[in-house]
Each structure stands twice: as structure tokens, then as C-alpha cells.
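> Dropping a prediction and its sequence here:
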Amino acid sequence: MRPTDRERPVIGFLTDFGLDGAAATCRAVILSICRDAQIVDIAHSVRKYAIRDGGFLLRFALPYFPVGVHVAVVDPGVGTRRRPIGIRTRRGDVLIGPDNGLLIPPAEALGGIEEVRELTNRELWLPVTTSTFHGRDIFAPVAGHLANGDGTFEVVGPIIDAADVVRLPEPEAATTDGAIETVVTYVDSFGNVRLAGGADELASAFGELVDGQPLAVEFGGDPPLHESSQYGTTFGAVPTGASLVYVDSLGNLAMADNQGNLAARLGIGHDRPVRISRA
Amino acid sequence: MRPTDRERPVIGFLTDFGLDGAAATCRAVILSICRDAQIVDIAHSVRKYAIRDGGFLLRFALPYFPVGVHVAVVDPGVGTRRRPIGIRTRRGDVLIGPDNGLLIPPAEALGGIEEVRELTNRELWLPVTTSTFHGRDIFAPVAGHLANGDGTFEVVGPIIDAADVVRLPEPEAATTDGAIETVVTYVDSFGNVRLAGGADELASAFGELVDGQPLAVEFGGDPPLHESSQYGTTFGAVPTGASLVYVDSLGNLAMADNQGNLAARLGIGHDRPVRISRA
Amino acid sequence: MRPTDRERPVIGFLTDFGLDGAAATCRAVILSICRDAQIVDIAHSVRKYAIRDGGFLLRFALPYFPVGVHVAVVDPGVGTRRRPIGIRTRRGDVLIGPDNGLLIPPAEALGGIEEVRELTNRELWLPVTTSTFHGRDIFAPVAGHLANGDGTFEVVGPIIDAADVVRLPEPEAATTDGAIETVVTYVDSFGNVRLAGGADELASAFGELVDGQPLAVEFGGDPPLHESSQYGTTFGAVPTGASLVYVDSLGNLAMADNQGNLAARLGIGHDRPVRISRA
């Protein structure tokens, strides 16, 4: 099939490689193989080695992509025995990356895992591979070949039992009548703080909430940090600089300052325990 | 019309979303609708909520784009009553974004406003919209549909009187014989400082200038800051590390250090008053 | 030739312009001329004015690009007498940029210089050119025209003697039996430190090395800095947080911390002298 006779493949691409050439090299490898690809860089300034941040961002972005082949590389174990894998999702995507838990959250957001294969077919790799740059040598070319239609998913290598794939513990929210115990899962570039749990936990703890409902938030630590906040459906529901508890555009429980940076103001980072209760 | 039978649409895209996935999600939404678009990311690390910085960058970049549909989102009022709008420029572009002043400078640089419409046609939006991410839910899909030729500009919603659109006060330069009173409008990534006014103000205040003409610059504040500078047509007209007053590539009055960072050296930020006079 | 009848041209693009609109303006100029180009941004946050960093990144990335027209602008002498040039490489690429040494490392990585021409044909430039933004006014449009097939390389301007092109001194490694004297050539976003020399120097100094071979590293300075390190073929060959000496994915001698940031931990920057010996 000539590239101009088909719909152009859209390839999502996420790494922690930073902005100094490594991700570009991978893009060039993909385009060398699949010239008409539309590569969408999801993020390359993911916190170094932060597999969970990468998984969060993939889960955030990929459901809005067309079905396609997507590549993700946050890979502290590059060159060790961790396996390079591909996951076919129920939605029909193929996710390419390391077997370290990175691909699980997006796979679940794309309908769940249908099939996992280990990338072993060296015909799809670059002719020379190194032990420190599998993004360029293995993941990018495999994705390029699949996006280009050079064979179907089966060609990448043998099936792995989905139960054997590495999974990271998923942060969870616990609710009681009147409170949610949760944890910071991601801090975005606005300083908005995403938390485990979502609208269900909010309803379970507090019933129906209206804009302006006062909420007491305690960030764990020694000493703990207390923030007087309120529920809001939109940033503008609270005064400029004030904080709100809201459900973000992905359905996560979240906190933000209206036109401010809550994480910087309070010094909040990922994994911080959070307790939200009626004020 | 099949995508391969037409010239590929070029879509300029600017936000203050940062580099962690939100802009990529919008790109994916656009490509889901208009697969062959050439999306050009103008900037996504615009200072958060800095509508005027966004307007400056759009005015800087868009005149060099082909006529097209362009999207800009610096939107502290997302989810409140501020209107989502589209502006058709005299040059023929359509600018999509919030009605908060962001789109006015580029519209003026693209020939002026021809027509403004409120985005109300939900058939062009994502099926589910949230109150915190209109970039993804409204602006990106509307732009994608227009770029794809899914109807003309009229389809987005009803006309708004251009006089009712939000405009921000425009910083201005005042000249007397022998001096310019102006203000810092933007600090770029080199630390070069863009000022209100341009070549006309320079000629009005000083007549014809030649490279090396000494100029005294006073940055307002308490105490004010004095910088001995000189006029130059190019950075290399002054010694390495020395400052010059010049007309930038867009026609703005500007100051820079040759191979240095003037803004960092002097601690100059946006909105700082500046007085330039003969030394 | 209609764009849809050919393979889409891939254009590598590197600048020190930062992320606030200048590089985007150049992309728009290229796409205005060559609508179906696949522009791959190699890096735009290159350290300001750091010609050698730019050359390093081009040499790192471009060998993985398809043969094409590539543009690079790290150009402290913009607007002065430094010449705008194009270099045709033996591999068949054309490199467009300033004559300041930036294009030499990638030209050598792409088979060597075949022909150099000065960019003098103003028909390929923007109609109006400024003295501070040749990236937009000269380099981008020339690249766009060449990529679009609007004439062959000869059209850009007259031949320059390759011996007259500016070259920067190349950092080198010296080996004795049992030691390498080298220098830091680049610090990447992981804090990994690239050094002059490569596998040959390593073999010449130490013979065959195996994972875990202790090495003593001295970073020059007053006082010098001593680091107990070891050889490794992959990051995971040493404990988390420990340093290793390795050969990077491009063949450079390099040092890194496994899952850490060696440059930040030790305070190491470019041009630092380094001596590696058996421990």
C-alpha cells in the first residue's frame, strides 16, 4: 500500500529523554521507516526514571488519540534483563516500550490488555543495537514498522502471559462517611495536584457537593499541613489565588489554586498523603 | 475532498499548558479530525495565565504562517462565562480561542478583524466537555473541523459584534525630541527585552541613528537603573557582553546584550518602564 | 512534481532559539514553501551561543535521519560578516546554517564534506531580511526550497573552498598505558557526561575491560575531584546511584550515575579535564 493511499498513522510518543536530541533521533528512525507518520510528542520532560509519572501522562493523553501504535520509554533498566514488550489493547492500539509497568495504565484506559508480546524479532530493530539506547535501537523501529503496516502485531515476537507483565502498585483512595484518604499521584506544570480517586469517592464521602462547600485538607508529613479549601466545578468558582478541590478533566480527584500554583505555594510533591474532610 | 487531493492545512498552536501532555492531547484531537494537518507548536511554555505574552508571541509568529486555522489557549477564565470565540482575519485566517484579549494582537497583525463568532455549535466539540479543559474539548476540535473543511466559518456559531470582544490595554511608547518613554512588553529566551514602539518612535526621537550612537537607558523602579548603551543594527555592532538598542526582526524597539542575557544581568522583567535618551 | 507523488522530505532542525516562538516561525516558513515536509525538531534549547553543543547534538542525531536537507542555527554572529552556507555531504544531505563551525561535526558524521556553497541567491530568501533573524529570513526558506525540489544545491550560491570554512578545535583524548586524558564535551539532560574519545582509546589504555573493573577518575580543577568508578556496559551493571565509565550509544567515552545525575552530584560542566586510570 502506498503511503498516500491510506490514512496517515498517528503515533504517540513519550519519554524522559529531555529536549536535547535523543527523542528527535527516535522520531527520525520512525520516519525513516514510516515516512508519512504523524508523530505526536506527548512529553519528553517526564521526571527522569519516573515510570509512574509516564504512565499517568499516557493514561491522560492516549484515549484522545486515534487507534494506533504508540511508543513510551521511561526505562531505568535499559540494557538489563527487563524485557522489551508490545501490548495490544482491546481498543486496537499497540503500545511499545519496556516491561516495567509504564504501559499498564494506558493499556487499561484503552479498553484493557488483549495480548502481550516480547519484542524479539531483530529484523524490526536497527541493524546495530546498543545497551543504553533501546528507544532508538528497538522501540522506535518496531513502532515504525508496525505503523507502516510491515506485518501485523504477531511479527514482533512471542506471546507473554499477561499475568507475567510487571505492574506497579496503583495508588488508591479510601473513603469513609465524611472523609477521603488519598495520595498525590502527579503534579502538573500548573502546580495542580492530581490525587488517587475520582468523582465516585467524592460522592461516597460527601454526597452531592455544590460550589463553595468548605473542605478541610490535611497533607501528611511531620508536621502535617492544613489547607482550608472548598469544592468547585471550575477554577473560577473560587477567588484568584484560593484553592479548590475538583474533579479534573480526566475524572481524577484534584486540587488547584485559581490562577496560582498550589504545589509551589504549599511545597507539595508526588506521593504525599492527603486527607479531605468537611470543614 | 480526500486529504491527499488538497494542500495540507497548517495549524499554529499556542498554549500555556507546559510540556507534560495537555498540548499533546489537543494535537491528538485535531489529528483525529483532520489527519493530514501540519500542526506547528508556536509555544506551550508561555508564562502561566500571561495573556499578553501569548498575544505577543502569536503576533510574532503567525504572519509567517500560511493562511489557516490557528488555535491559542491562555485561559485563566476557563469554565467561567468568558466566551469561546473564533475570529476571521482580513488575511483569511481563523483564530480560535478564549475571548480574553489573547487573539487581538495576532488578528491585527493578520490584516485586522473581519468577523467574530461565538463558538456555540456543540456538534463541532468533543461529545463530553469538562469545565477545566476547553483546549481539548472545544478549541482543538473546532479548529480541526474548520481545517478539515467540515463547513465554513459560519458553522461555529453566531456573529458577535467585534466591539464587544475583550481587548487588553496596549502598551505604548511616547516620544519627545531626544527621548522615548516606553515599557518592557516581553522578555525572550535570550534575555532580549522587547519594548513598546518601533522604528518610527526611534526616528521621531533621535532622527537618523548610526551604529555606535551612545544612548542612555533608564529602567524605572526605586531606585531606577541606569545602563549606558548604544544603537546597533546588529548584535555584533557592539562588543561581546555590551548592550545595544535595536529594532528587532518584527519591527519592535528592543534591547539586548551581544552574546549575553540583558534581562538576567540587569534583573529586568515585563512591564518595567524604560526611558531612552541621547547620552 | 506534486507533493503527494513523492516521498515526504524529512528536515532536521536545531537551534538555540528556546521554546518561545522563534523556532516555530522558522517551521512555518519552511512549511509555507514545502507543505508536506516532515520537520523533526532535534533541539531548540541548546545552550545559548554554544556552537560546540549544537555540533555535538547534530552529530548525535543526524546519522539516524533519512538523507535530506537539515537546518541548524546557533549563530552568535548573526548579521555580521560570517557567511551563511550550505554543505553537501558525501551521504547526499545538505546542511544549512552559519559558517561558524556548527555544521562540521555532522558533516563528518554524514560521510564528510563534498561541497560547500555560500548562500547568496536572494530569490530563495524571504523578500525582506533582517539583521537579527537569519534563521527565519535566510536559512529556513533556503532549506524549504531545496527540500521542495525548487532547484538543486547549485542554486543557493557560489562554491566556497572547503578549506576556508570555519572549524572549531576538536577536543581530543590522549592515552597512555593505563590512563586516558580527556575532557567533558557535553552534559546531557540526564546529567550523563560525554567525553572526548571512544572505545578505541579505552582499549588502548586498558586493554579488554569487563563489567565492574574499578577505575579512578580525576576531574581537573583546583582542587581536583576524585571519583571511584567502574567500567560498565550498561547502567544497570553498577548499583543504583553509583557511577560508571561506559561507551555511549554513539561510541563516545562517557560517564553516568545509574538512575542518578552525575553532573549535578559532582558539579561537572563542559570543558572540564578528566583523567581515567586503573584504580
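Arrived safely, thanks for sending.
> Contacts only, for the residue of the stretch 151-279 of chain A found nearest chain C.
Residue of the stretch 151-279 of chain A nearest chain C, by C-beta to the nearest C-beta: residue A:189 (12.5 Å). In this view, the C-beta of every residue, glycine as well, is placed from N, C-alpha and C. Each residue near residue A:189 by C-beta atoms under 8 Å, 6 or more residues apart in numbering or on different chains is listed here: B:17, B:18, B:19, B:20, B:22, B:48.
> Check the offset of the helix or strand hosting residue A:246 from the chain's centre.
Using DSSP states H and E, residue A:246 sits in strand A:243-247. How far strand A:243-247 lies from its chain's middle: 21 Å, per C-alpha atoms, centre = their mean, to the nearest Å.
> Mind giving me the packing neighbours of it?
helix A:199-206, strand A:214-219, strand A:225-230, strand A:252-257 (3 or more C-beta pairs under 8 Å, 6 or more residues apart in numbering or on different chains; DSSP states H and E).
> Let's have those in TSV, adding mean neighbour count and distance to chain B.
TSV is the format used below for the helices and strands packed on strand A:243-247 (neighbours: other C-beta atoms under 10 Å in any protein chain shown; distance: least, C-beta to the nearest C-beta, whole Å):
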stretch	mean neighbour count	distance to chain B
helix A:199-206	17	11
strand A:214-219	18	17
strand A:225-230	17	15
strand A:252-257	24	8
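> and residue A:85, which of those is closest to it?
Checking the helices and strands packed on strand A:243-247 against residue A:85 by C-beta to C-beta gives strand A:252-257 as the closest, at 26.4 Å.
> now residue A:93: how far from residue C:255?
For residue A:93, the distance to residue C:255 (C-beta to C-beta, to the nearest Å) stands at 38 Å.
> Spell out which parts of the stretch 101-250 of chain A neighbour chain C.
Proximity of the stretch 101-250 of chain A to chain C, by C-beta under 8 Å from any C-beta of the partner chain, involves residues A:130, A:131, A:132, A:133, A:136, A:137.
> OK, contacts around residue A:117?
A:85, A:86, A:88, A:153, A:154, A:156, A:157, A:158, A:159, A:160.
> Excluding chain neighbours, what is closest to residue A:234?
Counting by C-beta to C-beta, 6 or more residues apart in numbering or on different chains, residue A:234 lies nearest to residue B:79, which is 3.0 Å off, once chain neighbours are set aside.
> for residue A:48, same thing?
Per C-beta to C-beta, 6+ apart, closest to residue A:48 is residue A:16, 5.1 Å.
> May I have the phi/psi pair for residue A:24?
In terms of degrees, to the nearest 10, the main-chain angles of residue A:24 are phi -60, psi -40.
> How about it, nearest residue that isn't a chain neighbour?
Residue A:24 sits nearest to residue C:42 (C-beta to C-beta, 6+ apart), 4.3 Å away.
> What's the mean pLDDT across the one helix or strand residue A:276 maps to?
Using DSSP H and E, residue A:276 sits within strand A:273-278. Average pLDDT, strand A:273-278: 97.
> helices and strands around it, which ones?
Using 3+ C-beta pairs under 8 Å, 6+ apart as the test, strand A:273-278 ends up in contact with strand A:179-187, strand A:214-219.
> hmm, try it at 10 Å
Strand A:273-278 sits against strand A:174-176, strand A:179-187, strand A:193-198, helix A:199-206, strand A:214-219, strand A:225-230, strand A:252-257, with contacts defined as 3 or more C-beta pairs under 10 Å, 6 or more residues apart in numbering or on different chains; DSSP states H and E.
> now these as CSV including mean pLDDT?
Putting the helices and strands packed on strand A:273-278 into CSV (pLDDT from 0 to 100) gives the following:
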stretch, mean pLDDT
strand A:174-176, 94
strand A:179-187, 97
strand A:193-198, 97
helix A:199-206, 95
strand A:214-219, 98
strand A:225-230, 98
strand A:252-257, 97
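> As TSV, these with distance to residue B:237 would be great.
Converted to TSV, the helices and strands packed on strand A:273-278 look like this (distance: least, C-beta to C-beta, whole Å):
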stretch	distance to residue B:237
strand A:174-176	66
strand A:179-187	45
strand A:193-198	49
helix A:199-206	61
strand A:214-219	54
strand A:225-230	54
strand A:252-257	45
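> Identify whichever of these lies nearest to residue A:75.
strand A:179-187 (19.1 Å).
> Give me the angle between the strand holding residue A:246 and strand A:214-219.
Following axes from the mean of the first three to the mean of the last three C-alpha atoms, to 10 degrees, one obtains 90 degrees for the angle between strand A:243-247 and strand A:214-219.
> measure the residue of the stretch 51-200 of chain A found nearest chain B to residue A:22 for me?
Relative to chain B, the nearest point of the stretch 51-200 of chain A is residue A:189 (2.7 Å; C-beta to the nearest C-beta). According to C-beta to C-beta, residue A:189 stands 21 Å off from residue A:22.
> Residue A:150 too?
In terms of C-beta to C-beta, residue A:150 sits 24 Å off from residue A:22.
> and the two? which has more neighbours close in?
residue A:22 (25 against 14; other C-beta atoms under 10 Å in any protein chain shown).
> quick one, phi/psi of that one?
Torsion angles, degrees, to the nearest 10, at residue A:22: phi -70, psi -40.
> The closest residue to it other than its chain neighbours: how many residues sit nearby?
In space, and not counting its chain neighbours, residue A:22 is closest to residue A:135: 6.9 Å by C-beta to C-beta, 6+ apart. Residue A:135: 27 surrounding residues under other C-beta under 10 Å.
> In three-state terms, label residue A:135 for me.
Classification of residue A:135 by DSSP: H, G, I helix; E, B strand; the rest coil places it in helix.
> Repeat that for the one 5 residues further on.
In the three-state summary, residue A:140 is assigned as helix, counting by three-state DSSP.
> residues in contact with it?
A:11, A:13, A:15, A:23, A:25-33, A:39, A:71, A:73, A:96, A:125-126, A:133-134, C:64 (C-beta atoms under 10 Å, 6 or more residues apart in numbering or on different chains).
> cool, residue A:188 as well?
Here residue A:188 is in contact with A:56-57, A:60, A:194, A:248, A:254, A:256, A:263, B:17-18, B:20-22 (C-beta under 10 Å, 6+ apart).
> Having no further points to raise, I will conclude here.
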